[in-house]
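# what follows is a predicted protein model with its sequence.
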Amino acid sequence: MRDPGASGRNWRPSPPTGSLLVRGLLVLAGLAVTALGFGLFLDAHDEMHGYRTAPVCDTAAEPGADCNRYETGRVTARKNDGEYRLTVARETAPTETYNVDQDFYDDVQIGTDVRVTVFHARAVEISERGHHADSLQDPHLPALEVAALVAVGSALTVHGLARSRDGDAGLLSGLGLGFLTFVVGSMLLQVPLPLALTLGIPLVGWITFVAIAATRA
């Protein structure tokens, strides 16, 4: 025989329409901020690695175009202080210093001409007789900016999706995801990966983390 009080004990009042609207707006705002963070991440990755797949600039290409321009540079200084460094000068820009491997360092002398790859108006690589060395930027600053946006976006999203009204759930989830984003983002910005992996790894991780956090909150 059915217990008439069972349904009453399991019944939960539906949230008011105003509460649902606020929660929906929080989710939308969180997704928008998170998307902005992912967009910044892709821009930073393209700035650091986009030259590897970019075409060669034609004669009509404007400075800063999405193509590679090749110039001749000359080694003006060599330094070995535990790391191998070459300073290269070119006619159109100030000198820049590159970390190179030992073979590259040993095969060139002061005065040696090298090829400089210029992408988005920035010298990104030098090469000479099969040797290559790039001038990757420090990935930690862009990773930190991305992590801040993802943390805020995640906190808003989890708070909007969570069944409870515990305000700490979204905050803690945002801080956790922000930290993970900084660590993973710093690593991914240092290695050239296909776009599917570059975007897919953090996106799948973010969706999984947010889903778990929202369900348990």
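Ah, there it is.

# ok, the residue nearest the centre of the chain - contacts?
Central residue of the chain (Cα atoms, centre = their mean): Phe41, 3.0 Å from the mean position. Counting by Cβ atoms under 8 Å, 6 or more residues apart in numbering, Phe41 touches Pro142, Ala143, Val146, Gly185, Leu188, Leu189, Pro202. Where C-beta positions appear, they are placed from N, C-alpha and C, glycine not excepted.

# now the first one. Nearest residue, chain neighbours left out?
Once flanking residues are discounted, Pro142 sits nearest to Ala44: 3.8 Å by Cβ to Cβ, 6 or more residues apart in numbering.

# just the buried residues of the helix or strand where that neighbour lies, please?
Ala44 is part of helix 17-49 when elements are defined by DSSP states H and E. Within helix 17-49, the residues scored as buried using 16 or more other Cβ atoms under 10 Å are 23, 26-27, 30-31, 33-34, 37-38, 40-41, 44-49.

# can you give the contact residues for the helix or strand harbouring Tyr70?
Assessed by DSSP H and E, Tyr70 sits inside strand 68-80. Under the criterion Cβ under 8 Å, 6+ apart, residues 51, 54-57, 61, 85-92, 95, 97, 105, 108-119, 123, 126 lie in contact with strand 68-80.

# could I have the ChimeraX command that selects the buried members from those residues?
Command for ChimeraX that selects the buried part of these, burial taken from 16+ other Cβ under 10 Å:
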select :51,54,57,86,87,88,90,105,108,112,114,116,117,118,119,123,126
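
# show only the entries of the contacts of strand 68-80 found in helices.
Those of the contacts of strand 68-80 mapping onto helices are Tyr105, per DSSP state H.

# in strands, which of the contacts of strand 68-80 fall?
Members of these lying in strands (criterion: DSSP state E): 85-90, 95, 97, 113-119, 123, 126.

# can you show me the CA trace of stretch 37-47 as CSV?
Extracted in CSV, the C-alpha atoms of stretch 37-47 (Å, rounded to 0.1, in the frame of the first residue of the first chain):
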residue,chain,number,x,y,z
GLY,A,37,39.3,33.7,-21.6
PHE,A,38,39.4,30.9,-24.2
GLY,A,39,39.6,33.4,-27.0
LEU,A,40,42.6,35.2,-25.2
PHE,A,41,44.3,31.8,-24.8
LEU,A,42,43.9,31.0,-28.6
ASP,A,43,45.3,34.5,-29.5
ALA,A,44,48.3,34.0,-27.2
HIS,A,45,48.9,30.5,-28.7
ASP,A,46,48.7,31.9,-32.2
GLU,A,47,51.1,34.7,-31.4
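
# avg pLDDT for that stretch?
Within the predicted structure, the mean pLDDT of stretch 37-47 is 91.

# stretch 50-68 too?
Average pLDDT, stretch 50-68: 83.

# distance between it and the chain's centre?
Distance of stretch 50-68 from its chain centroid, counting by Cα atoms, centre = their mean, to the nearest Å, is 22 Å.

# end to end on that stretch, go ahead and measure it.
Terminal residues of stretch 50-68 lie 10 Å apart, using Cα to Cα, to the nearest Å.

# contacting residues for Phe209?
Contacts of Phe209 (Cβ under 8 Å, 6+ apart): Ser154, Ser173, Gly176, Leu177, Leu180.
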